[in-house]
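Q: fold the following and give me the result.
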Amino acid sequence: MKTKAAGTTWLGLAVVAVVLVLAPPARASSWPEFNLNGQHTGTSLQETTIHTGNVATLHVRAGFPVTLPSLALDGSPASIADGAPALLQDVPTASGSVDILFLTGRGGRIMALNAATGATIWSHRPATGPQYTTSSPAVDPNHQFVYSYGLEGRVHKYMVADGTEVTTGGWPELATLKPTVEKQSSALSLATTNGGTSYLYVSNGGYPGDAGDYQGHVTAINLTTGVQNVFNTMCSDQTVHFVTGGSPDCTGGVQSAVWARAGVVYDPDNDKIFFGTGNGTYNAQNANPANTFWGDSILALHPDGTGAGGRLPVDSYTPTEFQFLQNTDADLGSTAPAILPTPATSNIAHLAAQSGKDGMIRLLNLDDLSGMGGPGHVSGEIQKIGVPQGAEVLTALAVWVDPADGSTWFFVANGNGISGLKLSVDGLGNPSIASPWFHGSGGSSPVVANGILYHVGGNNVYALDPTTGNQLFHDTAIGGIHWESPIVINGRLYVTDEASKLWAYEPNAAPLGYFTVTPCRAIDTRGANGPFGGPALAAGASRTFALAGQCGVPADALAVAANVTVVSPAAAGFLQVAPGNAVLPTSVLNFVGGDLRANNAVVSLTGNPVGSLTVTDASSGSANVLIDITGYFK
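A: Numbering: from 1, shown residues only. Coordinates of the predicted model:
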């Protein structure tokens with residue numbers, strides 16, 4: 001039996017209500033750097049406001065687009081923000097708590113904008129030349145500072161709230177002494193290691209045309225001490241910044257840029273950083289100590305930016321056809337390695353996908369890149385296939401795990417289109433990749449949020465089903481696109497364009513009807529084989545339950561009203577109940593050991609997959625959970 005309650009109610013779909021009081025809308029975490037995190041997965045598990053039920057209603061938010069302040073202040077199209085924004089939520093400012101978007105313009109201006117209105121909060125341009133940058137900013141792990149690349153070859157550190165620049169402790173930090181011929185093309189990258197130390201990574205390469213005495217290199221900056229380490233991909237025996245026309249410099253070695261959109265990628269599983277290099281001499285074969293040039297290779301370093309000692313990285317991969325890549329300007333390092341969550345059945349524990357300007361995709365073993373147990377060897381890829389849509393790849397790959405079946409996907413966009421590729425493992429444990437779909441609507445680096453794939457290209461914004469490529473949303477309002485790519489957070493999609501505009505899209509807010517059902521138990525974890533989801537939740541564990549189709553809840557329900565009960569927990573703690581596979585810090589029920597306690601909640605079903613919710617036992621002991629449904633919203 002189900003009846004519609006009198007009237008309708010407005011429901012924020014990322015809301016969890018406890019007791020009889022609606023809690024504030026659950027907020028996604030900030031988007032602190034390019035493609036979200038140090039792995040640059042491009043995938044957010046925390047967005048729930050935009051979902052498959054309302055993505056088709058995305059529209060430009062009132063007051064947007066806004067013209068970036070850099071264009072007016074610098075008077076040059078070179079100040080277009082040719083990358084991706086970063087976003088920090090709830091920044092305490094003189095005007096109250098504000099969500100702030102940070103962008104770095106081509107002209108080297110760092111901009112802090114109100115994410116709700118687009119209004120400028122502060123901006124700085126530390127240097128006006130000599131060239132330009134296509135970098136993106138990064139927000140410090142403690143959320144107090146934002147970092148941005150300056151055209152004079154240094155990285156600057158600013159207070160997030162008011163833009164005050166930090167000029168002590170080594171800041172601004174040196175990234176290149178050759179700013180005329182070397183630039184940061186990649187985004188700034190952040191990682192906090194397993195040991196708790198945070199590093200900022202600055203990648204440098206050349207300008208279009210591969211002209212001048214430039215050498216690709218990575219500068220790793222310890223954010224606690226300000227101490228930095230440099231790894232040069234040409235003359236790797238010298239761990240210093242080179243100068244032009246003097247000493248130190250790399251005699252006879254140029255190019256080998258580190259210029260992929262993501263720059264440096266950190267893998268916490270093996271506590272290493274990985275990056276790709278562009279065209280340049282490769283002569284490091286067989287780890288000859290006299291050879292120090294690492295063109296068209298994937299390199300692994302310790303997270304502090306150091307190698308294995310002497311001139312060697314910790315590990316390396318170089319394709320057999322490295323000379324062909326050099327001769328044809330087909331940089332392997334036009335993309336960065338995309339770390340792939342690997343099924344437990346795989347006989348290789350840590351995998352990555354690597355593409356490049358040659359239009360190929362290589363599956364790599366991150367624990368042994370060449371299969372030879374160390375750096376300085378060629379070949380060793382597990383698999384090499386063509387990009388399904390063809391053509392070179394200059395974008396970052398987004399990586400996503402489908403919560404419906406645990407499968408790993410990654411997405412490749414370029415000028416020819418976008419494709420979805422899936423990692424599989426055969427009965428012998430051998431991993432491989434296949435291409436279930438692709439189509440011809442291409443663009444820049446894609447992202448995934450709440451099970452929806454987004455990308456932009458030309459004058460287009462797209463939202464797609466990641467498992468089929470089917471189009472869920474399309475808009476043609478924005479301007480042209482170069483490296484610009486979107487972020488999706490707090491119910492909005494933000495992206496800049498080549499017209500120096502910042503765009504914000506959001507879905508329609510619709511009133512929802514509430515429908516009652518006969519109280520029905522949907523989840524009961526008691527017993528080893530509980531009828532609705534046993535056994536008990538383990539300490540700290542999460543479990544996702546499908547509710548759509550149970551207890552009279554239809555497939556298109558957007559939320560449920562429920563009574564949540566904890567039974568005989570082994571230790572004190574609390575339960576978190578969130579939309580399926582979302583990460584929300586909201587406690588729905590606190591308890592002590594041996595308790596029997598219940599609470600009412602309204603839980604969104606717009607997570608991934610839609611129609612499900614995730615329960616987390618945030619305690620140091622196991623707990624049984626009962627969830628009874630009393631109604632739903634749609």
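
Q: F410 in helix, strand or coil?
A: Secondary structure for F410, judged by DSSP: H, G, I helix; E, B strand; the rest coil, is strand.

Q: what does N204 give?
A: Applying three-state DSSP: N204 is strand.

Q: ok, how many other residues are close to it?
A: 30 (other Cβ atoms under 10 Å). In short, each C-beta sits where N, CA and C put it, glycine included.

Q: residues contacting it?
A: Neighbouring residues of N204 by Cβ atoms under 8 Å, 6 or more residues apart in numbering: A175, T176, E182, K183, Q184, Y214, G216, H217, V218, T219, A257, V258.

Q: now swap in A618 and tell me
A: G540, G573, F574, L575, Q576, S587.

Q: for the stretch 1-150 of the chain, which segments count as helices?
A: Secondary structure of the stretch 1-150 of the chain, counting by DSSP state H, counting those that start in this stretch: helices at 69-74.

Q: where do the strands sit along it?
A: For the stretch 1-150 of the chain, the strands defined by DSSP state E, counting those that start in this stretch occupy 2-4, 17-18, 21-22, 43-44, 59-60, 66-67, 86-93, 96-104, 110-114, 120-124, 138-139, 145-149.

Q: lowest average confidence across the ones you listed, which one?
A: For these, the bottom mean pLDDT is recorded on strand 21-22, which sits at a mean of 28.

Q: tell me what K157 is bridged to.
A: Y147 (DSSP bridges).

Q: model confidence for it, exactly?
A: pLDDT, K157: 98.

Q: list the contacts for it?
A: Per Cβ under 8 Å, 6+ apart, neighbours of K157: D140, F145, V146, Y147, E165, V166, W171, P172, E173.

Q: what separation do you get for it and A86?
A: The spacing between K157 and A86, counted by Cβ to Cβ, to the nearest Å, is 14 Å.

Q: what do those two both touch?
A: Common neighbours of K157 and A86 (Cβ under 8 Å, 6+ apart) are V146.

Q: that older thread, top of the contacts of K157 by neighbour count?
A: Neighbour max across the contacts of K157 (other Cβ under 10 Å) = Y147, 28 neighbours.

Q: now, of the contacts of A618, which are buried?
A: By neighbour count, with 16 or more other Cβ atoms under 10 Å, the contacts of A618 hold G573, F574, L575, Q576, S587 as buried.

Q: which of the residues you listed sits closest to W31?
A: Q576 (21.6 Å; Cβ to Cβ).

Q: now do the closest residue to the closest one other than its chain neighbours against V564, distance only.
A: Spatial nearest neighbour of Q576, excluding adjacent residues (Cβ to Cβ, 6 or more residues apart in numbering): T616 at 4.1 Å. As judged by Cβ to Cβ, T616 and V564 stand 12 Å apart.

Q: ok, back up a step: quick one: which of the buried ones among the contacts of A618 sit in strands?
A: G573, F574, L575, Q576 (DSSP state E).

Q: what two of the residues you listed are the furthest from one another?
A: G573 and Q576 (9.9 Å).

Q: tell me where the model's unsure across the stretch 401-550 of the chain.
A: 528-531 (pLDDT under 70).

Q: quick one on the thing from earlier: what's the closest of the buried ones among the contacts of A618 to A352?
A: Q576 (31.5 Å).

Q: what's the first-to-last distance across stretch 446-460?
A: The first and last residues of stretch 446-460 sit 13 Å apart, counting by Cα to Cα, to the nearest Å.

Q: from the chain's centre, how far out does that stretch sit?
A: Centroid displacement of stretch 446-460 relative to its chain, using Cα atoms, centre = their mean, to the nearest Å, is 12 Å.

Q: and that stretch, which residues are buried?
A: Across stretch 446-460, burial judged by 16+ other Cβ under 10 Å covers 446-458, 460.

Q: in strands only, show me the residues you listed.
A: Per DSSP E, the buried residues of stretch 446-460 map to strands at V447, V448, A449, I452, L453, Y454, H455, V456, G457, N460.

Q: so the fourth one makes contact with A463?
A: Translated: I452. Yes: between I452 and A463 there is a contact under Cβ atoms under 8 Å: 5.3 Å.

Q: between these two, what contacts are shared?
A: With Cβ under 8 Å, 6+ apart as the test, I452 and A463 both reach V55, L472.

Q: isn't S619 right next to A571, touching?
A: Yes: counting by Cβ under 8 Å, S619 does reach A571; the two are 4.9 Å apart.

Q: what about those two, which has more around it?
A: Taking neighbours as other Cβ under 10 Å, S619 and A571 compare with S619 leading, 23 against 15.

Q: I'd like the distance between the closest residue to that one other than its chain neighbours and D315.
A: Among residues not flanking S619 along the chain, G573 sits closest, at 2.2 Å (Cβ to Cβ, 6+ apart). G573 sits 41 Å away from D315, taking Cβ to Cβ as the criterion.

Q: do P179 as well
A: 31 Å.

Q: who has more neighbours out of those two?
A: D315 (26 against 21).

Q: confidence score at the more buried one?
A: D315 is given a pLDDT of 97.

Q: now do the contacts for it.
A: Per Cβ under 8 Å, 6+ apart, neighbours of D315: K272, L299, A300, D368, L369, S370, G374, P375.

Q: what about the fifth one, which SS state?
A: Under three-state DSSP, the three-state class of L369 is coil.

Q: can you count the residues close to it?
A: Residues within reach of L369, counting by other Cβ under 10 Å, total 28.

Q: ditto for the first one
A: Burial measure for K272: 21 neighbouring residues, criterion other Cβ under 10 Å.

Q: what residues are bridge-paired with it?
A: D267.

Q: next: the second one.
A: On the basis of DSSP bridges, L299 takes part in beta bridges with F275, S316.

Q: where does the stretch 151-300 of the chain have low pLDDT?
A: For the stretch 151-300 of the chain, the ranges with pLDDT under 70 are 286-290.
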